[in-house]
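> Just to be clear, the model below is a prediction. Sequence and coordinates:
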Amino acid sequence: MPDRILIVEDDERIRSSMRLSFEGEGYEVAEAASGEAALDRFAVGGIDLVLVDLMLPGIDGFECCRAIRRGSAVPIIMVTARSDTHDVVAGLEAGADDYVTKPFVPKELAARMRALLRRSRSDEDAAMVTIGDMQLLPDEGVLRHPDGSEVHCTRTEFRLLCEMAATPNKVVTREHLLERIWGYGYFGDGRLVDVHVRRLRTKIEPDPALPRHLVTVRGIGFKLVP
Amino acid sequence: MTIGPERPGRLGLRARLIAAFALGALSLSVLMGGLAYFTARHTLIVEQQGAALRQAYANAALLRNALGASVPSIDAQVTSLDTSRSTASLLNNDGRWFSTSLSISRSNIPSSLRREVRQGHVATVTAPTSSSPHLMVGVPLPAVRSSYYLVVDLSDLDHTLRVLLAALAAAAAISTVLGALVGLLASRRTMRPLTEVSVAAAAIAVGDLTTRLPVDRRDPDLGALSTSFNTMVDKLEDRIERDARFTSDVSHELRSPLTTLAASLEVLESTRSELPERAEQAVDLMAGDLRRFQRMVADLLEISRLDAGSSDLLLDEVVAGELVRQCVSAASQSLPATEQPPMHISARADAAVLLVDKRRVERIIANLLENASLYAGGATDVTVAITADDHGLEIAVNDAGPGIEADDRHRIFERFYRGVTSGRRGTTDGSGLGLALVAEHVRRLGGDVRIEAGREGVGSSFIVTLPLSQESSA
């Protein structure tokens, strides 16, 4: 079954041209012209990836991301006007997994989408990892509290955790994570990793300000200490 | 309104103020001193004359009485006259002269005075003798066929007046110096606002448009100057912002149609093989120029962001060798040349550590390589050399093109500047902003870019210098 993309964009021409392009790539496409319409359409279900323009009338892209994130781990790519820290980090904090800046090259966007839609579990070592008192089950795609309840992670956060858990106590470089999870080369944006690690810390660290499991190794990358 | 050409030799405002104050003090003190001197001199002379007359009358009366009572010695009588050191008495009795002083004799008495006295008048005259001025009073004593002369030495008075003159001259000199000092202080106070204006204008000239002058409301003159200066800067800032915003707005507006075009064209390109040959060629032309258009808009946005200062530096510590290799490899993918340019990386440069925004370095190297391939007559002989020393890392992009005239070397970094040799446009023409962006990015990274003539006079070298990270140079 082909993946279904929800395009949230108020410019009708861009929407139509992207629909043509994505359908050519073999995706199914759903469209929404506003944040409200996007949330309505998302609630219907069956969406595998959301592409959202941050500049929308009414509910803007940031709010749209947050609303979707409240109940879903679906990959979200935001379309930003600028690559400035303010917009990018605010979008990532709101729950986006990656971003592209306008005017983007459709091939580039397709590469971003493929990376986020990749089924991560297929090639992973399936061993269970204990992080603190939590249990990471890569096979089932869940992270469990000691009481058995599930910790809500986005797909990207989960893959990030699995990637680091594969080599516990070893430093993983930002570049490596960017390549493995986002499909970027050497020039990937390190802020993607930083914001996602920060969000993961709020979920797995007893004190996110003093991380004990997800440790920063200055100038190089990160290390998972079980 | 223009500012006239500089006139050499003309004094500055400060010097003129000081000179004016000094001259004012000098003329005032000369005037006052002169007045004081002449008043004092007149008073002293009148007093001296009065005293001399009184003494002459008294002495003459004494002599007349003595001569009338047939005294034994006229000489003794004259000598006994109460004369002080500065006065001398002379008596002419029937043509015989008696004097109390050795230095004053009948020859010292001017004939005009003697004639007056002979005619029976009391007369005074001021006349010089051998050494100093003297006041002479002649009193006729007809009853005893005599005439009496009192000669007063005026050198004391003269000395007093000289001292007074010297004191007044000294006072004039001192007040001139004081006047100059007051002028200096006043000029400092006057110049301070002008100095502030000058400092502020210099700051604005180098691009700090937030500079404003403090407005002093108590001083209407300076307040008006500061207010109009600040208004001028406001207007200037407005204008610059408006220009920058216009570029940015235009580019932003262009992005939406560009996105639509790119996505639609990609659909066409994916079905390229099904198209008739002519349509295929048309699609290829469109694709080529669309990429160029996208590149232009991206460059315009990039440069307007740099101008607005809203572009963030994402600093990372990176190994120079790896960074440059990655940059060259990434840049080569978008260039027509099939092969990557050869690289020469020194051992020290390979291991050097930079604290940079690596995507900016990528833009710098990509633009330099693109420039080399566009304007240097084919990309065949482009080489990249990287060296490091204590000062930093040097990345040189060398081409084998026609080279750049020394005069053009700094202008080539201007926006949309195209050198004479770049008249012929290739099929993948640049945006005209590539080198301007290189210069901006290098500046933001704290580095420097320059152009040198290539080795053996062939082509040119674009050399970028970037500072090494503190840790690697330690």
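The structure has been received and is ready for your questions.

> number of nearby residues for whatever residue of the stretch 151-300 of chain B ends up closest to chain A?
Closest contact between the stretch 151-300 of chain B and chain A, by C-beta to the nearest C-beta, is at B:A263 (3.7 Å). In short, each C-beta sits where N, CA and C put it, glycine included. For B:A263, the neighbour count with other C-beta atoms under 10 Å in any protein chain shown is 25.

> Was I right to think B:R360 contacts B:H441?
Yes. Between B:R360 and B:H441 a contact is recorded at 4.6 Å, counting by C-beta atoms under 8 Å.

> Who has more neighbours out of these two?
Using other C-beta under 10 Å as the criterion, B:R360 and B:H441 rank with B:H441 on top: 26 against 22.

> Where does that one sit, in terms of helix or strand?
Using DSSP states H and E, B:H441 sits within helix B:434-444.

> State the next helix or strand along the chain beyond that helix.
The helix or strand immediately downstream of helix B:434-444 is strand B:448-453, counting by DSSP H and E.

> Single out the residue in chain A that lies closest to chain B.
Closest contact between chain A and chain B, by C-beta to the nearest C-beta, is at A:S17 (3.7 Å).

> can you tell me which residues contact that residue?
Contacts for A:S17 (C-beta atoms under 8 Å, 6 or more residues apart in numbering or on different chains) come out as B:259-261, B:263-264, B:267.

> Count the residues that sit near residue 132.
Because you didn't say which chain, this covers chain A. 13.

> if you could check chain B rather than the one you did, that'd help
14.

> before we move on, the earlier item: so how do I select the buried members of the contacts of A:S17 in ChimeraX?
Per 16 or more other C-beta atoms under 10 Å in any protein chain shown, the buried members of these correspond to this ChimeraX selection:
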select /B:259,260,261,263,264,267
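
> Where does A:C153 sit: helix, strand or coil?
Put simply, A:C153 is coil when judged by DSSP: H, G, I helix; E, B strand; the rest coil.

> before we move on, back to that, excluding its backbone neighbours, what's nearest the residue of chain A closest to chain B?
B:A263 (3.7 Å; C-beta to C-beta, 6 or more residues apart in numbering or on different chains).

> same thing with B:V137?
Of all residues not flanking B:V137 in the chain, B:A56 sits nearest, at 4.0 Å (C-beta to C-beta, 6+ apart).

> again with A:G190
Distances taken as C-beta to C-beta, 6+ apart put A:R174 closest to A:G190, at 4.9 Å, once the chain neighbours are dropped.

> There's contact between that neighbour and A:F187 in this structure, I believe.
No. With contacts counted by C-beta under 8 Å, A:R174 stays clear of A:F187, the gap being 11.6 Å.

> could you list every residue that touches the spatially closest residue to B:D448 that is not a sequence neighbour?
Once flanking residues are discounted, B:D448 sits nearest to B:T465: 4.6 Å by C-beta to C-beta, 6+ apart. Residues near B:T465 by C-beta under 8 Å, 6+ apart: B:391-395, B:447-450.

> Could you confirm B:T465 falls within a strand?
Yes. Counting by three-state DSSP, B:T465 falls inside a strand.

> what are the bridge partners for it, then?
Taking DSSP bridges as the rule, B:T465 bridges to B:E394, B:D448.

> So it versus chain A, what's the distance?
From B:T465 across to chain A, the span is 22 Å (C-beta to the nearest C-beta, to the nearest Å).

> Chain A contacts on the stretch 301-450 of chain B?
Residues of the stretch 301-450 of chain B lying near chain A by C-beta under 8 Å from any C-beta of the partner chain: B:305, B:310-312, B:314, B:316-317, B:322, B:326, B:330, B:358-359, B:362.

> if we can go back for a sec, tell me which helix or strand comes right after the host helix or strand of the residue of the stretch 151-300 of chain B closest to chain A.
Using DSSP H and E, B:A263 sits in helix B:220-270. Counting by DSSP H and E, the next helix or strand C-terminal to helix B:220-270 is helix B:277-308.

> buried residues in that next one?
Across helix B:277-308, burial judged by 16+ other C-beta under 10 Å covers B:283, B:286-287, B:290, B:293-307.

> excluding its backbone neighbours, what's nearest B:L150?
In space, B:L150 is closest to B:A56, 4.0 Å off (C-beta to C-beta, 6+ apart).

> Count the neighbours of that neighbour for me.
By other C-beta under 10 Å, the residues close to B:A56 number 24.

> The helix or strand in which it is found packs against which elements?
Here B:A56 is covered by helix B:13-68, with elements defined by DSSP H and E. Helices and strands touching helix B:13-68, by 3 or more C-beta pairs under 8 Å, 6 or more residues apart in numbering or on different chains; DSSP states H and E, are helix B:74-79, strand B:87-93, strand B:123-128, strand B:133-141, strand B:146-153, helix B:155-205.

> Next one: B:P8, what pLDDT does it get?
Reading off the confidence values, B:P8 has pLDDT 53.
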